[in-house]
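Undergrad: Structure, please.
(one chain, ligands or ions: 1)
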Amino acid sequence: MQEPKTYINTDIDYERDGKQVSYLRLPYSRNTSAWGIIPIPIAVVRNGVGPTVLLTAGNHGDEYEGQITLNNLIRTLEPGHIQGRVIILPALNFPAAMAGRRVSPLDGLNLNRVFPGDPDGTPTRQIADYVTNVILPMIDGFLDLHSGGYSMDFIHTAILYRQNTPALMQRAIEAARAWGFPFCLVLDDLGERRTIDALCRDRGLLKRLHQPAPIMRVTEIVGPESYLFATSSAIFEPNFHLGSEVSKGEIAGWFHYIDEITRDPSPLRFATNGIVAGCRAPGRVAAGDLVAVVVCDMRS
Ligand SMILES: [Zn+2]
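TA: Down below sits the predicted model:
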């Protein structure tokens, strides 16, 4: 098989047994570092023949929970714990992770909107290309850890894209159950094809995980009414908590106009029944900011 084109190199040998912790080196010549690289941390733990699982975090640099989790895992996971191979990339968009920002400060790009990437593109596009063409062909299962980052907060939930067949959908839900979250959220990509999730879904990438099945509420986003956007630029005072059961027409919160002292607060109402699975974190909102995500129990 022809080697995929990439400028990223590494001293990691993906076929070697044992534990390796090193970097993917992305050449990045800039004013402050003529022959510099971007060192993207990677760990590979392998023990003989078995499935390969990819674990990533820091796809969005301001989502720190997954980065902590995978750094802890790198320090503690040993080959004797597994049969097969685990590839861990705890800060996938490393420049964004170091800046604590959702998108890369180098090219302003959101890694999860540039898949499948480009080997000749900017750093973020090159990272996406390496994952697509070097790593994904090796793997059987994949977990990409996200959280709310700077602007949002979420209930503890596995998130799945709606799969192409009922059988694959069922396998995806079973795999999500193994993680022990109280919720599982199924959503459509709403036409967004550039995420790593969409790429994996289109390649049918999923493996059954053999784990006990804790209680998990399987929910879904059914349409645009699930996304509640701010209609004013103001301070938003929510009238709900994460996990609240809400009804269509109920007041979701109020917009407060601190720059117009005599103006009364104006209400924002939920457009559908369900559970609040996600909400905006900062109080200040602009028109068009997402303030709540309302999900409902999956119908089929
Ligand atoms: Zn994210």
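Undergrad: Just say helix, strand or coil for residue 97.
TA: Classification of residue 97 by DSSP: H, G, I helix; E, B strand; the rest coil places it in helix.
Undergrad: How much space separates it from residue 40?
TA: 9 Å (Cβ to Cβ, to the nearest Å). (Each C-beta comes from the backbone N, C-alpha and C, glycine too.)
Undergrad: list residues touching both of these two?
TA: Here residue 97 and residue 40 have residue 91 as joint contacts, going by Cβ atoms under 8 Å, 6 or more residues apart in numbering.
Undergrad: what are the bridge partners for residue 45, then?
TA: Applying DSSP bridges to residue 45 yields these beta-bridge partners: residue 19, residue 86.
Undergrad: Let me see the ranges of the strands in the stretch 201-300 of the chain.
TA: Along the stretch 201-300 of the chain, counting by DSSP state E, counting those that start in this stretch, strands occupy 217-220, 227-229, 234-238, 245-246, 251-256, 266-269, 274-280, 284-285, 290-297.
Undergrad: Distance from the chain centre to the third one, please.
TA: Put simply, strand 234-238 sits 26 Å off its chain's centre (Cα atoms, centre = their mean, to the nearest Å).
Undergrad: angle of it against strand 251-256?
TA: Inter-element angle recorded for strand 234-238 and strand 251-256: 150 degrees (by axes from the mean of the first three to the mean of the last three Cα atoms, to 10 degrees).
Undergrad: pLDDT on strand 234-238, on average?
TA: For strand 234-238, mean pLDDT is 94.
Undergrad: For that strand, which strands pair with it and how are they oriented?
TA: Sheet pairing of strand 234-238 (DSSP bridges) gives strand 251-256 (antiparallel), strand 284-285 (antiparallel).
Undergrad: I would like the residues contacting stretch 61-75, please.
TA: 21, 41, 43, 55-58, 88-91, 93, 95-104, 145-150.
Undergrad: Of those residues, select the buried ones using a ChimeraX command.
TA: Applying 16 or more other Cβ atoms under 10 Å to these, the buried members can be selected in ChimeraX as follows:
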select :41,43,55,56,57,58,88,89,90,91,93,95,96,97,101,102,103,104,145,146,147,148,149
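Undergrad: tell me which residues in the helix or strand of the chain with the lowest mean pLDDT are buried?
TA: Lowest mean confidence among the helices and strands of the chain (mean pLDDT, DSSP states H and E): helix 196-202, at a mean of 75. Going by neighbour count (16+ other Cβ under 10 Å), the buried part of helix 196-202 is 196-201.
Undergrad: ok, now stretch 266-275?
TA: 268, 270-272, 274-275.
Undergrad: relative to its centroid, which residue of this protein is most remote?
TA: Using Cα atoms, centre = their mean, the residue of the chain lying farthest from its centre is residue 262. It sits 42.0 Å away.
Undergrad: Around the ion, which positions in the stretch 1-150 of the chain sit nearby?
TA: Neighbours of the ion within the stretch 1-150 of the chain, by Cβ under 5 Å from the ion: 60, 63, 146.
Undergrad: which phi and psi does the closest residue to the first one other than its chain neighbours have?
TA: Put plainly, it is residue 60. Leaving aside its sequence neighbours, residue 60 sits nearest to residue 102 (Cβ to Cβ, 6 or more residues apart in numbering; 4.7 Å). In terms of degrees, to the nearest 10, the main-chain angles of residue 102 are phi -60, psi -40.
Undergrad: mind checking pLDDT for residue 102?
TA: With respect to pLDDT, residue 102 scores 96.
Undergrad: swap in residue 214?
TA: 63.
Undergrad: ditto for residue 207
TA: pLDDT, residue 207: 43.
Undergrad: Same check on residue 190?
TA: pLDDT, residue 190: 58.
Undergrad: Isn't residue 287 up against residue 268?
TA: No - the criterion here is Cβ atoms under 8 Å, and residue 287 misses it with residue 268 at 11.1 Å.
Undergrad: and for those two, which residues touch both?
TA: Overlap of the contact sets of residue 287 and residue 268 (by Cβ under 8 Å, 6+ apart) consists of 230-231.
Undergrad: and residue 241, how many neighbours does it have?
TA: Summarising burial for residue 241: neighbours were counted as other Cβ atoms under 10 Å, giving 9.
Undergrad: The one 3 residues further on now?
TA: Residue 244 has 17 neighbours, counted by other Cβ under 10 Å.
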